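**Q** Everything below, folded, please.
(one chain, ligands or ions: 1)
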Amino acid sequence: MKPVCVIVGPPGSGKSTVGAALAERLGVAFRDTDLDIEALAGKPIPEIFIDEGEDHFRALERQAVADALNGHEGVLALGGGAVLAEATRALLDEHRVVFLNVGLSDAVRRVGLGAGRPLLEMNPRATLKVLMDQRLPLYRSVASVTVETDDCDPAGIVDELLAHVGERPVRVSFGDYDAVIGRDLWSQVPSYLTGAAQAAILHTAHLAERAAALAVAVADAGVRPLLTEVPDAEAAKSVEVAAACWDRLAEAGFTRTDVVIGLGGGAVTDLAGFVAATWLRGVRVVHLPTSLLGMVDAAIGGKTGVNVAAGKNLVGAFHPPAAVLCDLSTLDSLPPADLAAGLAEVVKCGFIADPEILRRTETDPKAALTADSPLLADIAARAVKVKADVVTEDLRESGRRAFLNYGHTFAHAIEKVENYTWRHGDAVAVGMVYAAHLGRLTGRVDVVDRTVAVLESLGLPTRYEAGKFDELLAAMRVDKKSVGATMRFVLLDEIGSPSLVDDVTEEQLRTAYAEVSST
Ligand SMILES: NC(=O)c1ccc[n+]([C@@H]2O[C@H](COP(=O)([O-])OP(=O)(O)OC[C@H]3O[C@@H](n4cnc5c(N)ncnc54)[C@H](O)[C@@H]3O)[C@@H](O)[C@H]2O)c1
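**A** Numbering: from 1, shown residues only. As a prediction, this is how the structure comes out:
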C-alpha cells in the first residue's frame, strides 16, 4: 500500500486544504501526519514543543511519516519540517511527491501570522523566511512535481495536481453491479466475460474503430467477438433492429453464458440491454456508454427498451447490467451539443440531491463542457452516485426513483410534441426551468434564476415556443408519473430535497408555460 501522492511544502502552502480537496476529487482518504502526531501524543503540536521540545517532536514525526508512507493509500500531507530528516527524505524516494511552493508574502498571509505554529510565534515573517530558505532546497530534492500556488485558489491547484497525479477511476455500487467512471477502462472488459464463449458487441458506425479495438481485446481474452453494427441514435431502438440482433445471436449459437456488450450512446445501450434481457429470457450485458447522457443516466439503473409506433420506450424490461464502464476518454469524439445535453442530466442531479454539482458547474461551466477536464469527470461521477443512491434505495420500495424525473414531465411533453427531434437533455433543460416556475408558483423554493443561469452557461435551451400549451398539457396528462387523471410533478422543496406533488392546478401549469414561453 502506497499513498496516491505525498504533499510537502512550507507552512501556508495549502497542504491540508489542497490535500483534502484532492483526496475528495480522487475519491480516496486524506491523511495529515501532523494530526497523526497529535493523536499519538494526545496533545496539540505547540504543547509538544513546550513540554518535550523540538527534538522529541521530530522523532514522533519521523515515526508518523514512516507509518503513513507504509500504510496509507490516499493523499498524504506531511508537516512542513518533515523533510528535515534525512531518513524521511530517503523514504520519499519511492513515492510520488508533490511540492506546493509559495512565496514568502502569500505564506505569511495564509498562516495568519503564526497562529498555532510553534516555530512562527515570535516574529512570523522573519522566522518563516529562515525556515523557507533552509527547507526549499530539501522540498525540491524530494519532489517529483512542483506546483506554484501564489495567487491561485485551491480548486485551481487541485486541477493542476490532477493533471500530474491522474484521475483514478471512481467505482459506484448499484447493489448487484458496479459502474466505473474513469479513463481507458475497456481493458477491464475481459474480466466481466468469465465463462463466456462469445461476446456480441453492438455498436454504431460512428464507433466502428473503437468496436474493432475492443473486439481484439475480447479475442485476446479467448472470447469470440461478434461485431454487430446497428443504426445510429433512435433508429437503433426498434423491434426490427432487435430482431436482427436476435437473428445474429441465433446464427452464432449464442448461449446463456455468453455476453452482450452495448457500446455507444443511450440508444445503443437501451437496445443492447433489451436484446440481452430477451435473448434466452436473459443473458449478461455489459454497458460501455460513450455519450455523457449514457454514462450518467441511460446505461445505469437497469432500464432497457425500444420504441414502437405508439410511443417511445413503450416496450422494454428491467435488466440490470453485469457492469457499466464509463470510459471518459470516449467523450473526446462526442459532438459538443450531445455533451451539453448530457450535462442537463448532471445538473438535474445537482438540483435533486447534490448541490455541490451545481456549485462546481457554476464556478467553471467551460470546464464542464470540456470532454477531458477533471471537473467534468468529477461532476459526472457525482451524478452517477446520485442515481445509484436513488436507485438502490428505491429497490427497498422508497419510491424515490421518481425524483430522477425532475423536469421530465414537461421534457417528455416537448419531445412528443416535437416528434422526438429534440435531444432528450435539451428537453430536460427546458423541463427543469418549467419545474422551477411551478415550484415558485406553488410556494416552494425559488430556483428559477439559478436554473436558467446554470443551463444558459452550458449553452442549453431554457425557453420553449408559445402557443402549444394544449398539446403539451395533453402529453403531460399521459406521463408515466400520472396516476389516473391526476398529474404528478417532481418539485423542489429545497435544493437537494425534491417531493412528488399532485395538486398543481391547471392555472399554475398554464402560468408556468407562459413564463417559459415568454420572450
Ligand atoms: N434506460 C434509461 O434509463 C434511459 C435514461 C435516459 C435516456 N435513455 C435513452 O437514451 C437515449 C439518448 O441517449 P444519448 O443522448 O446518448 O443519444 P444517442 O445514443 O442517440 O447518442 C447521440 C449521438 O451521439 C453519437 N455518439 C455517442 N457517443 C459518441 C462518441 N463517443 N463519439 C461520437 N459520437 C457519439 C451517437 O451515435 C448519436 O448520433 C434515448 O433513446 C433515451 O430514451 C434511456
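
**Q** Could you look up the next helix or strand downstream of the top helix by length along the chain?
**A** Using DSSP state H to define each element, the chain has its longest helix at helix 374-394. Remark: after helix 374-394, the chain's next helix or strand is helix 408-417, criterion DSSP states H and E.

**Q** For that next one, enumerate the helices and strands it packs against.
**A** Helix 408-417 is packed against strand 311-318, helix 424-441, helix 469-477, strand 489-494, with contacts defined by 3 or more C-beta pairs under 8 Å, 6 or more residues apart in numbering; DSSP states H and E. To be clear about C-beta, it is placed using only N, CA and C from the backbone, and glycine gets the same treatment.

**Q** If we go by neighbour counts, what in the third one is buried?
**A** Translated: helix 469-477. 469, 472, 475-476 (16 or more other C-beta atoms under 10 Å).

**Q** could these go into JSON lines alongside distance to residue 10?
**A** Converted to JSON lines, those look like this (distance: C-beta to C-beta, whole Å):
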{"residue": "469", "distance to residue 10": "64"}
{"residue": "472", "distance to residue 10": "61"}
{"residue": "475", "distance to residue 10": "62"}
{"residue": "476", "distance to residue 10": "60"}
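
**Q** residues in contact with the residue nearest the centre of the chain?
**A** Centroid-nearest residue in the chain, with C-alpha atoms, centre = their mean: residue 381, separated by 1.5 Å. Residue 381 sits next to 27, 170, 172, 181 when contact means C-beta atoms under 8 Å, 6 or more residues apart in numbering.

**Q** Mind picking the lowest-pLDDT entry from the residues you listed?
**A** On pLDDT alone, residue 27 ranks lowest of the contacts of residue 381, at 75.

**Q** phi, psi of that residue?
**A** phi 70, psi 30 (degrees, to the nearest 10).

**Q** Check the contact between it and residue 167; I expect there is one.
**A** No: with contact defined as C-beta atoms under 8 Å, residue 27 does not count as touching residue 167 (9.4 Å).

**Q** Near residue 478, how many other residues are there?
**A** Here the number of neighbours of residue 478 (other C-beta atoms under 10 Å) works out to 12.

**Q** From residue 413, how far off is it?
**A** Note on residue 478: its distance to residue 413, by C-beta to C-beta, to the nearest Å, is 9 Å.

**Q** do the same with residue 54
**A** In terms of C-beta to C-beta, residue 54 sits 71 Å off from residue 413.

**Q** These two: which is more packed in?
**A** Remark: of residue 54 and residue 413, residue 413 carries more neighbours, 27 against 13, as counted by other C-beta under 10 Å.

**Q** Next, the contact list for that one, please.
**A** Applying C-beta under 8 Å, 6+ apart to residue 413 gives the contacts 471-473, 475-476, 479.

**Q** Same list, the residues you listed, but only the ones touching the ligand.
**A** Counting by C-beta under 6 Å from any ligand atom, nothing from those sits close to the ligand.

**Q** Switch those over to a markdown table; also include pLDDT and distance to residue 281.
**A** Below are the contacts of residue 413 laid out as a markdown table (pLDDT from 0 to 100; distance: C-beta to C-beta, whole Å):
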| residue | pLDDT | distance to residue 281 |
| --- | --- | --- |
| 471 | 96 | 40 |
| 472 | 96 | 39 |
| 473 | 95 | 40 |
| 475 | 92 | 34 |
| 476 | 92 | 35 |
| 479 | 70 | 30 |
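
**Q** Which of these sits closest to the ligand?
**A** residue 479 (14.4 Å; C-beta to the nearest ligand atom).

**Q** Chain neighbours aside, what residue packs nearest to residue 495?
**A** Nearest residue to residue 495 in three dimensions, chain neighbours excluded: residue 355, at 5.1 Å (C-beta to C-beta, 6 or more residues apart in numbering).

**Q** List the buried residues of stretch 191-206.
**A** Counting neighbours by 16+ other C-beta under 10 Å, one finds that the buried residues in stretch 191-206 are 192-193, 196, 198-204, 206.

**Q** Likewise for stretch 357-371?
**A** By neighbour count with 16+ other C-beta under 10 Å, stretch 357-371 contains the buried residues 357-358, 360-361, 364-365, 367-369, 371.

**Q** which of these lies closest to the ligand?
**A** Nearest to the ligand among those, counting by C-beta to the nearest ligand atom, is residue 371 at 9.0 Å.

**Q** Quick check, the closest one in contact with residue 327.
**A** No: Residue 371 is beyond contact range of residue 327, at 11.6 Å (criterion: C-beta under 8 Å).

**Q** Helix, strand, or coil at the closest residue to residue 30 other than its chain neighbours?
**A** Using C-beta to C-beta, 6+ apart and skipping residues adjacent in sequence, the residue nearest residue 30 is residue 23, 3.6 Å away. Under DSSP: H, G, I helix; E, B strand; the rest coil, residue 23 falls in the helix class.

**Q** Same check on residue 226?
**A** strand.

**Q** What of residue 307?
**A** strand.

**Q** For it, which residues are in contact?
**A** By C-beta under 8 Å, 6+ apart, residue 307 lies in contact with 234, 237-238, 313-315.

**Q** Please, a PyMOL command that selects the buried ones among those?
**A** To isolate the buried ones among the contacts of residue 307 in PyMOL, judged by 16+ other C-beta under 10 Å, type:
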select buried, resi 234+237+238+313+315
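
**Q** for the contacts of residue 307, which one is nearest residue 347?
**A** Nearest to residue 347 out of the contacts of residue 307 is residue 313 (C-beta to C-beta; 22.1 Å).

**Q** quick one: pLDDT of the closest residue to the closest one other than its chain neighbours?
**A** Distances taken as C-beta to C-beta, 6+ apart place residue 305 nearest to residue 313, at 4.4 Å, with adjacent residues excluded. On pLDDT, residue 305 comes in at 97.

**Q** mind listing what residue 305 touches?
**A** Neighbouring residues of residue 305 by C-beta under 8 Å, 6+ apart: 237, 270, 273-274, 313-317.

**Q** would you turn the residues you listed into a markdown table with distance to the ligand and pLDDT?
**A** Output for those, formatted as a markdown table (distance: C-beta to the nearest ligand atom, whole Å; pLDDT from 0 to 100):
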| residue | distance to the ligand | pLDDT |
| --- | --- | --- |
| 237 | 6 | 97 |
| 270 | 5 | 98 |
| 273 | 7 | 98 |
| 274 | 9 | 98 |
| 313 | 5 | 89 |
| 314 | 11 | 90 |
| 315 | 12 | 95 |
| 316 | 8 | 96 |
| 317 | 11 | 96 |
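
**Q** Of the residues you listed, which pair is most distant in space?
**A** Going by C-beta to C-beta, the pair spanning the contacts of residue 305 furthest: 273 and 314, at 15.2 Å.

**Q** which bits of the protein sit near the ligand?
**A** So far as C-beta under 6 Å from any ligand atom goes, the chain lies against the ligand at 204, 206, 232-234, 237, 264-268, 270, 290-291, 293-294, 297-298, 301, 303, 313, 330, 333-334, 338, 341, 424.
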